[in-house]
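In: Here is the input, now give the coordinates:
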Amino acid sequence: MSETDERELLEGPAIEPALSAAAGALLGTLEAWSLRGLHHRPAAGITGIYAVRCEGADGPFDGFLCVSTRNIEGDFRRSVRLEGPGSIPLLVWSHPNDPLLPDLPWACDAPSVGRDLFGVPAAALTTLGYRPMRRAVLRAEAAGELRFLKVVQHGRAALLRHRHELLHNAGIPVPPPVDSPAHDVVVTLPVPGVPLAQRLMVNGASELDPRALVGLLAQLPPTARNLPERPPWSARVQDYARAAAVVLPAENERILVLASRVEEMIRAAPSGPVVPTHGDFYEGNLLVRDGSITGVLDLDSVGPGHLVDDLACFLAHLAVLPCVDARYTEVPAALVRFQQAFEEVTNPFALRARAAGVALTLIAGARRPGQDAVSGTWRADALGRLRVAEDFLKPDGTSPAS
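Out: The predicted structure is shown next:
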């Protein structure tokens, strides 16, 4: 079955029989449900997160079920395998029993975190982000102390902690890691500052010199080049183009033409030397205060790469912000300011090609559960992101080899 079929199943009423069967096996009799989140990984399955109300032995209660089309082998706790319409194989689990995040149940249990991490009866927990079968981030607070918990796949915590220690010791303002009671959870202290996105909304972050971002990346320790390499977002343009076409089928040809142009331009432009990179460098992973960068978050992809890819990632995310929220009125001017600064240290042709590629990867994410497809809210967002990608490729006389 195609990704379009999978997405339509998870978004529509046809998923109810699977939810009912899974609830009966894992929780109780299904009484009501609603889609709360959809995570589409091109060529790697789609997962829906559903809030459910069930009738159990002790009465009604609320919970969550996750349904994934990802093809993954193995037997997992609190999960069932089902077959959806069109013989679509489904893996369903009750949150927080994620099949690839074995320590997520501990991180989501207030008494366990309170006892093991703070030495108190319970901690106040807030889920900040959850990517099914990939990672989760939670905020834990108790006894006047604050910690952040990053739950990762089995066996990956040690390398992530090493990244934190490596950058922290090099003077990069990353959250310092502390001892973790759970094997697959990295625990960190907070860092000061406010999200850069907040300043971008207020005034385009006019107090932040774009060269500070370049300077920050230049400070990454040389030994980071010895870490495992992860391809940049723009390396999977064709996969993300297909995902974009799933949510904008009427623009299929336009999207595929764009993806081919991006690939051609990336091949034609010099990428520069291999240097230490962040790997997912954008405003959501940066904290600022008084015009200075005070926090660098999400270090999972730190390793060898090209400066142009980090800067292109930042530009693409910056450029789509007005599509996401109309209050980002100052961003277009900020985009010009940041792009001009970044083109001083990279090949402009390469920078724009990669920025276009990253913007293309963001199109599918515009379609979010709970939005009325008829109103066109999400569709306008998705089309805006597509235009952003195309705008990066508008000719300006720059030569690929310059």
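In: so which strand or helix has the residue nearest to residue 251 when sequence neighbours are not counted?
Out: Distance criterion C-beta to C-beta, 6 or more residues apart in numbering; nearest residue to residue 251, sequence neighbours excluded, is residue 386 at 6.4 Å. The way it works is simple: take the backbone N, C-alpha and C, and place the C-beta from them, glycine included. In this assignment (DSSP states H and E), residue 386 forms part of helix 377-392.
In: which helices and strands does that helix pack with?
Out: helix 237-247, helix 252-268, helix 307-324, helix 348-361 (3 or more C-beta pairs under 8 Å, 6 or more residues apart in numbering; DSSP states H and E).
In: Among these, which comes closest to residue 173?
Out: Comparing the helices and strands packed on helix 377-392 against residue 173 with C-beta to C-beta, the closest turns out to be helix 307-324 (16.3 Å).
In: burial count for the nearest residue to residue 55 once chain neighbours are set aside?
Out: Spatial nearest neighbour of residue 55, excluding adjacent residues (C-beta to C-beta, 6+ apart): residue 29 at 4.4 Å. For residue 29, the count of nearby residues is 12 (other C-beta atoms under 10 Å).
In: How about the contacts made by residue 29?
Out: 23, 54-56 (C-beta atoms under 8 Å, 6 or more residues apart in numbering).
In: same check, this time on residue 14
Out: 8, 84-85.
In: ok so, going back, and the gap between the residue nearest to residue 251 and residue 256?
Out: 12 Å (C-beta to C-beta, to the nearest Å).
In: between those two, who's got more neighbours?
Out: Set residue 386 next to residue 256 and count neighbours by other C-beta under 10 Å: residue 386 wins out with 23 against 15.
In: Now do the same for that one: its pLDDT.
Out: Listed pLDDT for residue 386 reads 97.
In: repeat for the one 10 residues further on
Out: Looking at residue 396, its pLDDT stands at 69.
In: sorry, back to before: just send the helices and strands packed on helix 377-392 back as JSON lines, with mean pLDDT and distance to residue 17 too.
Out: Below are the helices and strands packed on helix 377-392 laid out as JSON lines (pLDDT from 0 to 100; distance: least, C-beta to C-beta, whole Å):
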{"stretch": "helix 237-247", "mean pLDDT": "91", "distance to residue 17": "23"}
{"stretch": "helix 252-268", "mean pLDDT": "95", "distance to residue 17": "30"}
{"stretch": "helix 307-324", "mean pLDDT": "97", "distance to residue 17": "34"}
{"stretch": "helix 348-361", "mean pLDDT": "96", "distance to residue 17": "33"}
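In: how many neighbours does residue 358 have?
Out: 27.
In: Now do the helices in the chain.
Out: 3-11, 16-26, 104-107, 110-113, 157-169, 196-203, 210-218, 237-247, 252-268, 307-324, 331-343, 348-361, 377-392 (DSSP state H).
In: wait, which of the ones you listed is closest to residue 185?
Out: That would be helix 104-107 among the helices of the chain, by C-beta to C-beta, at 5.5 Å.
In: What is the closest one packed up against?
Out: Using 3+ C-beta pairs under 8 Å, 6+ apart, helix 104-107 sits against helix 110-113, strand 135-142, strand 145-152.
In: which other residues reach the second one?
Out: Just to be clear, that refers to strand 135-142. 96, 98, 101, 104, 107-108, 113-114, 117-118, 120, 122-130, 146-153, 300.
In: State the pLDDT value of the closest residue to residue 170 other than its chain neighbours.
Out: Spatial nearest neighbour of residue 170, excluding adjacent residues (C-beta to C-beta, 6+ apart): residue 221 at 4.1 Å. Predicted confidence (pLDDT) for residue 221: 98.
In: cool, residue 371 as well?
Out: 54.
In: One more: residue 139?
Out: Residue-level pLDDT assigned to residue 139 equals 98.
In: Kindly reformat the contacts of residue 14 as JSON lines containing neighbour count and pLDDT.
Out: Formatted as JSON lines, the contacts of residue 14 follow (neighbours: other C-beta atoms under 10 Å; pLDDT from 0 to 100):
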{"residue": "8", "neighbour count": "16", "pLDDT": "89"}
{"residue": "84", "neighbour count": "20", "pLDDT": "88"}
{"residue": "85", "neighbour count": "14", "pLDDT": "87"}
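In: Next, count neighbours for the residue nearest to residue 170.
Out: For residue 221, using other C-beta under 10 Å, the count is 15.
In: ok, now how distant is it from residue 172?
Out: Distance from residue 221 to residue 172, by C-beta to C-beta: 8 Å.
In: Next, the buried residues of stretch 213-226.
Out: Neighbour-count burial for stretch 213-226 flags 213-214, 216-217, 220, 224 (criterion: 16 or more other C-beta atoms under 10 Å).
In: gap between the residue nearest the centre of the chain and residue 101?
Out: Nearest to the geometric centre of the chain sits residue 131, at 7.5 Å (C-alpha atoms, centre = their mean). The gap separating residue 131 from residue 101 is 9 Å, by C-beta to C-beta.
In: Quick one: low-confidence residue ranges for this structure.
Out: 1, 370-376, 396-402 (pLDDT under 70).
In: so what's residue 166 up against?
Out: By C-beta under 8 Å, 6+ apart, the neighbours of residue 166 are 221, 223-224, 302.
In: and if we set it to 7 Å?
Out: By C-beta atoms under 7 Å, 6 or more residues apart in numbering, the contact set of residue 166 is 221, 223-224.
In: again, but for residue 30
Out: 19-20, 23, 52, 54.
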